[in-house]
Structures are given as C-alpha cells and as structure tokens.
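Student: I would like the atomic coordinates for the input below:
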Amino acid sequence: MTSDQKHLLIKKIDATLMQAMLESINIPQLLKIAQQYGHFHWFNLTDRWENKAVENHIFKLVLPHLENLTRAKNPTKVTHVMSEGHNTGGHTPLCLNIVKEQKSRGREVEIFITKRATQKVIEEIKQSGITLKSFPDDGLPKLLELSKQFLQSKAIVLHINPNDIIATLAAMLAERNGIPCFFVNHANIHFSYGPAQCSAVLEITAASWLSTAKYRTPKSQSFLGIPAATVDRTTLTALNLGDLKPDHPYFVSVGTKNKYRLNSDTQFIDFVEFLCGQKKQKLLIVGPGDAPSFQTLSEAARKNLTVLGPTERQTTLALMANAIAYIDSFPEGGGSSVVNAMSLGLPIFGHRISEGMYGDEFLSPSMEDLFERVSHFIENGPDTAVVQERSDFIHEHMSIQACVDRLESTIDGENCPIPFDYSKFDMDLDFHHRAWLQTDNLIVPPIIKINQA
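Tutor: Residues are numbered from 1 along each chain as shown. Modelled structure (predicted):
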C-alpha cells in the first residue's frame, strides 16, 4: 500500500465513522462509535489532530440528559482525571506527582479514573490520602456521574487518553457552567478529544505547544512541563538491585518497543551493534523486553547487552543513577526519562527529530554524528559543565514544585510561557505522521467494514 493509497483509505474510514455518528440517535451506540473514532486517529498517527464538530454534535445530543445538573456554590477542590493509571510510562507519575504536591500545599484535590488503573497505582493514590473515585461502565451512566462530580469542583485537570470522549463531554458541561478545565497535552503528536473545549491546553514541550497552535483551535495555552522525579542519586545508587544491574560501567536506555520501533526500523539495533559490538560497551535497556531484533546482533553485541521488560519506577531510576550515560530511545524519544536523566546528571545521547524539550541539543542530526559523539564520550568522558547546567535547569524549572507553580498560576488565570529559548531547535511537526505513512501499519476499527477493492 502506497502513502497515497493509505491516505485515501484513512479518509474513507474517517468519513464512514463520521457518517455513522451523524446518523446515530442511540446515545450508548454513539459514544462507542466516538471512542472508536478517537482510537482510530490516535493509534494510526493520522493527520487529524482534533474534531471539534464531532464533540459539539455529541454534546448537543446528550445535553438534555444533563440539564438538570447544578453547579455547587463556592467549590474548593481541584479534580484531576485520568483515563488509565499504569505502573510504567511517564503519564501516570506526571499526574500523581502533581496531585501529591498540590495536596502537600493544602489544596483540596481528588483523582477520578474513567477507565482502569493497576492495583499498584490505586494503592499509591490511597496511601497518599488522596480521594479516588471510579465510575460505571461506558455510556450515559458514566457521563451523568462524571458530570455531577465535575460540577462540584473549582477546576478540572484532564490527563485523559485521546479517545476519552466521555470525560471531554463532562468537561464541556463544566466549562458551560463556568468551571475552568485544563487539558494536559501528553500526546502532542496525536489526535485528541478535549483541547478545543478547555480553558487552556497545558503543554509539556515546545513541540506540543507549536503543534497545538498550528493544528488545533485552543482557547489558550499555558506551559506545564514534564516534572522530574524527586531523586537523590546517592540513595538510588545504594539500592540493592541484585542481578538487574550490569557490571559497571554501563549505558542505560528506557522505553517501550514502540519507541525503538524494533519491528519496523533498524536504526536502534544498528546503534546497539555499534555500542555493544564495535565499542565493547555495556548497555542496559529497560522496558521493551525480549524482541526478535536483538537476536540479529552479533555475539559480541549480545554479550554486552542486558534487556529488561517493564520495570518498577524506583528500580528504573536506580538503574539510571548507576549508569554512566543515558541513551534516549529513538526513532521516538523524549519524555520523563530524559528529564530524570538530566536531573540525575547523566550525559545524554540520542538521534531523532527534536521534541522541543529543554536540552534537545543532545540529539544528533545523523547516525554518524551520534556514533562520533558517543565515541568522544567513551574516550574523553562527559562535558561536566553541560551536564551540570542541564541538571541545574531541571531542578529550578522542571521540578515537581516548579510545574505545580505553573499549574496553580494557570488555574488563577495566567498563561505561563515556555521557560527556555527553543527558537533554534530543529522541530518538524509532521515528522511522525510522514514516517507512519511510509509503513503498512493501519488499525481499522472493529465496528466497521471497509471495502478495499
């Protein structure tokens, strides 16, 4: 399938789902189709970033069921909403760390989970003394209950999946009743329900800010950032990691299979062969687990490579703290692990399109440049001045406290700017979409059938 054929098929699926939503008068069915529509554009990295018309159409149909709900007088609590809570990845700790910090400051806070969370995440929330609520199965009952709860809040902060239409509709009702809602733009390269409906989009990188401004219709934008974990390197390096930790010295990288694209791209495997095979350096990769691609490496490279599956956050941080340098995942990278690596004072290397994060100068424009930079590091050690500058910046501007300061300012009506100069960053906002178009990957919603003949 060529890129043009794929693009036409995407448009056909989009139009089919749009027509199904326009013709549906059954609200439970309509909500299911809307979730499939969001899932389709989210997981396929299409060129559609939002669909305000769909949100408004569905809201108009469900509004008669919500009109008897009333807003509380003088509410004080800030409600954070997660679609899902996971033990791995950066989205869940971003939310939990912010909520915990707000609570420590005396702010009345609560967390709503609209879909699911692991038992470990649930226990962490409860142990923090934070009110936790979950809701009925998908459909109108969930929307009604969520809407009631939103109307009892001073402000809403959405940390939702891009296909969470129900949380978005509840936020639209809250906004109509004068309760400000804020959309945390975790997935800056994906379609999302919600950004156009909220009082402000909370951006985590310069690329997310620029992509929202270019492709979406936000009411306003404010910078949140990616909060670094509160870490003490001395404490982390003293933890007993058993057989998980390779012999020192070793490089470390953290990510999922999707970030390394082990099934469709050889760039990272080529780098592992260079680092572990040619340079005889040890590398620990945390997250992807065993993958067939690793079996294509030379015997020398496999000997110096250790690969773990999903690993608990504190253990991951300890493994990072014991490393000599961090390798950002690529072709897709960025995120909380890079911020944590900077905070820990690790030299960082990577190769991909800039995500507009502070410190993006560590990214190499080519594989050759990446090999050269890593070779220089192996021979000469780190540039301690650069490493210290990055660490100092993270501690001052990307700490949990600094990110919550910006959130509280945004709730109070301010729009916080990006706290660093990103004008020289090489950001290609269409990069991931174009790269996806070159593949045969396409997830078709199960509720429709497309005639591809």
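Student: for the stretch 101-250 of the chain, what spans make up the helices?
Tutor: Taking DSSP state H, counting those that start in this stretch, the helices of the stretch 101-250 of the chain run over residues 119-127, 140-150, 165-176, 206-215, 233-237.
Student: can you pull the contacts of the residue nearest the centre of the chain?
Tutor: Nearest to the mean C-alpha position of the chain, by Cα atoms, centre = their mean, lies His186 at 3.9 Å. Residues counted as contacts of His186 (Cβ atoms under 8 Å, 6 or more residues apart in numbering) are His91, Leu94, His159, Ile204. For glycine as for every other residue, the C-beta is placed from the backbone atoms N, C-alpha and C.
Student: Would you convert the residues you listed into a markdown table that also reports pLDDT and distance to Glu124?
Tutor: Formatted as a markdown table, the contacts of His186 follow (pLDDT from 0 to 100; distance: Cβ to Cβ, whole Å):
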| residue | pLDDT | distance to Glu124 |
| --- | --- | --- |
| His91 | 90 | 14 |
| Leu94 | 94 | 14 |
| His159 | 97 | 15 |
| Ile204 | 95 | 21 |
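Student: so which pair among these is furthest apart in space?
Tutor: The distance between the two most remote of those (Cβ to Cβ) is 10.9 Å, for His159 and Ile204.
Student: Find residues that contact each of those two.
Tutor: Leu94, Val184, His186.
Student: Does Ile327 touch Arg352 like I think?
Tutor: No: under the criterion of Cβ atoms under 8 Å, Ile327 makes no contact with Arg352, lying 11.5 Å away.
Student: who has more neighbours, those two?
Tutor: Ile327 (28 against 22; other Cβ atoms under 10 Å).
Student: I'd like the distance between the more buried one and Lys12.
Tutor: 40 Å (Cβ to Cβ, to the nearest Å).
Student: now swap in Leu407 and tell me
Tutor: For Leu407, the distance to Lys12 - Cβ to Cβ - is 41 Å.
Student: who's more crowded, those two?
Tutor: Each of Leu407 and Lys12 has its neighbours counted (other Cβ under 10 Å); Leu407 has more, 26 against 14.
Student: buried residues in the helix or strand hosting the more buried one?
Tutor: Using DSSP states H and E, Leu407 maps to helix 400-411. Buried residues in helix 400-411, counting neighbours by 16 or more other Cβ atoms under 10 Å, are found at Ile400, Ala402, Cys403, Val404, Arg406, Leu407, Glu408, Thr410, Ile411.
Student: what sits up against stretch 335-346?
Tutor: In contact with stretch 335-346 (Cβ under 8 Å, 6+ apart) are residues 90, 93-94, 226-229, 231, 233, 236, 252, 254-255, 316-317, 320-321, 323-326, 328-329, 348, 350, 357-359, 387-388, 390-391, 393-395, 398.
Student: And the average pLDDT for that stretch is what?
Tutor: Summarised as a single mean, pLDDT over stretch 335-346 is 94.
Student: Tell me how many other residues surround the residue nearest to His159 when sequence neighbours are not counted.
Tutor: Closest residue to His159 apart from its sequence neighbours, by Cβ to Cβ, 6 or more residues apart in numbering: Cys95 at 4.4 Å. For Cys95, the neighbour count with other Cβ under 10 Å is 23.
Student: which residues touch Cys95?
Tutor: His80, Met82, Gly85, Ile111, His159, Val184.
Student: any idea how far Gly242 is from it?
Tutor: Counting by Cβ to Cβ - Cys95 and Gly242 are separated by 30 Å.
Student: Sitting in helices, which of the contacts of stretch 335-346 do you find?
Tutor: 93-94, 233, 236, 316-317, 320-321, 387-388, 390-391, 393-395 (DSSP state H).
Student: Just give me the closest of those residues to Tyr422.
Tutor: Phe393 (13.0 Å).
Student: burial of the closest one, as a residue count?
Tutor: Count around Phe393 with other Cβ under 10 Å applied: 16.
Student: follow-up on the earlier one: neighbour-wise, which one of the contacts of Cys95 leads?
Tutor: Busiest of those [other Cβ under 10 Å] is Met82, holding 29 neighbours.
Student: Now do the same contact list for the nearest residue to that one once chain neighbours are set aside.
Tutor: Nearest non-adjacent residue to Met82, counting by Cβ to Cβ, 6+ apart: His159, 4.9 Å away. Going by Cβ under 8 Å, 6+ apart, His159 touches His80, Val81, Met82, Ser83, His91, Leu94, Cys95, Val184, His186.
Student: No more questions from me, cheers.
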